[in-house]
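[1] need a structure here:
(one chain, ligands or ions: 1)
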Amino acid sequence: MVDSSSSMSTSSVTTPPSPFRASILQGKVALITGGATGIGFEIATQLAAHGACISLMGRRAHVLEAAVSSLEKAGFQAIGLQGDVRKKEDANRVVEETVQRFGRLDILVNNAAGNFLVVAEDLSPNGFRTVLDIDAVGTFTMCHAALKYLKRGGIGRDPSESGLIINITATLHYTAQWYQIHVSAAKAAVDSLTRSLSLEWGTDYGIHVNGIAPGPIKDTPGMEKLAPEDAGMDQAKRETWGEKWDIALTAVFLASDAGRHINGTVLAVDNGAWLKKPAPVPRDVIRAVSRTVEMRSRNSAEARSKL
Ligand code: NAP
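    The predicted model follows:
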């Protein structure tokens, strides 16, 4: 276990100012899978900056150590726990060690994922299965391991006592995406289990289960792999990508009391990018055409009425 037991103080982490009060997650404990890097680390940092104690899970010890040390320097309470979300025993151990260290578990963020670009024809069934195992089965395994601590309210008891789950997914399966058949399938499964768990665990225990679907996010291991600088992608397009902060502050919102009536939803945080497509004809043309069509139909209605 990588431990940082320092108490809260002022943060030295440079981030845009938060619109939320710094104490809105005070007393909460959050476990973030894949929380030592990229989007997961920013989620950890922002949950901590709003009062939560942080447990990070990942496979690489040195990466966890660096992340915990960075949180510690910012004055946050954090531990790093080595484990693979694909292994039930790791999931159980990490949850237990988190509760041993901080006394409770309130927020589970399933952020760990695998990704690589591959032509579907070249992807082995094993490669496909590996990504489903990490993203989809791993998410379920972690939810399952955490349930007993998240369902504090219990059936028929005060649901506000219960914890919550946030699953980090994506938007690529809303339509279809080149060279990411494995991730699309995995994230579709994650969205489905978000809804199913929100129904069962929301109804039975008051556990809210929601998702956040980032669009492309700058300065992340994910986008370094999927759109490397040397792949020749238009710089202007890169400028439209979101920041890790955008995803992290959405997690803070969902984890706060402001999210108390939100359950079974996946929030796309991509500035509407997945909906964007070029207009089939320029707007001036469509204005002129619709005026002509309107006139034509009015004229023919008048002509009919005179018959
Ligand atoms: P990332 O930092 O590479 O996230 C992967 C993290 O998961 C790493 O910390 C990795 O650490 C951990 N991990 C991988 N396999 C694991 C396993 N089996 N068990 C435990 N931990 C594991 O990537 P990111 O780009 O920030 O993405 C974070 C999340 O956002 C992912 O769910 C991704 O699908 C989603 N997302 C990202 C983007 C984007 O633009 N980056 C867009 C849409 C969605 P170890 O290797 O040390 O285990």
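
[2] Can you name the residues that contact the residue nearest the centre of the chain?
    Nearest residue to the geometric centre of the chain (Cα atoms, centre = their mean): I168, 2.3 Å. Under the criterion of Cβ atoms under 8 Å, 6 or more residues apart in numbering, the neighbours of I168 are 39-40, 43, 109-111, 113, 211-212, 214, 247. Bear in mind the C-beta positions are built from the backbone N, C-alpha and C, glycine included.

[3] Now intersect those with the strands, please.
    Of those, the ones assigned to strands by DSSP state E are 109-110, 211-212, 214.

[4] Not counting sequence-adjacent ones, nearest residue to A268?
    Distances taken as Cβ to Cβ, 6 or more residues apart in numbering place A213 nearest to A268, at 4.6 Å, with adjacent residues excluded.

[5] Hmm, N167 and that neighbour touching each other?
    No. Counting by Cβ atoms under 8 Å, A213 stays clear of N167, with 9.3 Å between them.

[6] Neighbour count for these two, which is higher?
    Counting neighbours by other Cβ atoms under 10 Å for A213 and for N167 shows that N167 has the greater number, 26 against 23.

[7] what helix or strand is the more buried one on?
    In the assignment (DSSP states H and E), N167 maps to strand 164-168.

[8] now do G80
    Using DSSP H and E, G80 falls in strand 78-82.

[9] Give me the mean pLDDT for that strand.
    For strand 78-82, mean pLDDT is 98.

[10] for stretch 206-215, same thing?
    Average pLDDT, stretch 206-215: 97.

[11] Just the CA atoms of that stretch, as CSV, please.
    Extracted C-alpha coordinates of stretch 206-215, given in CSV (Å, rounded to 0.1, in the frame of the first residue of the first chain):
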residue,chain,number,x,y,z
GLY,A,206,-30.6,4.2,-2.8
ILE,A,207,-27.2,3.8,-4.5
HIS,A,208,-27.0,6.1,-7.5
VAL,A,209,-25.2,4.7,-10.5
ASN,A,210,-24.4,7.2,-13.2
GLY,A,211,-21.9,7.5,-16.0
ILE,A,212,-19.7,10.2,-17.5
ALA,A,213,-18.9,9.9,-21.2
PRO,A,214,-16.0,12.1,-22.1
GLY,A,215,-15.3,13.2,-25.7
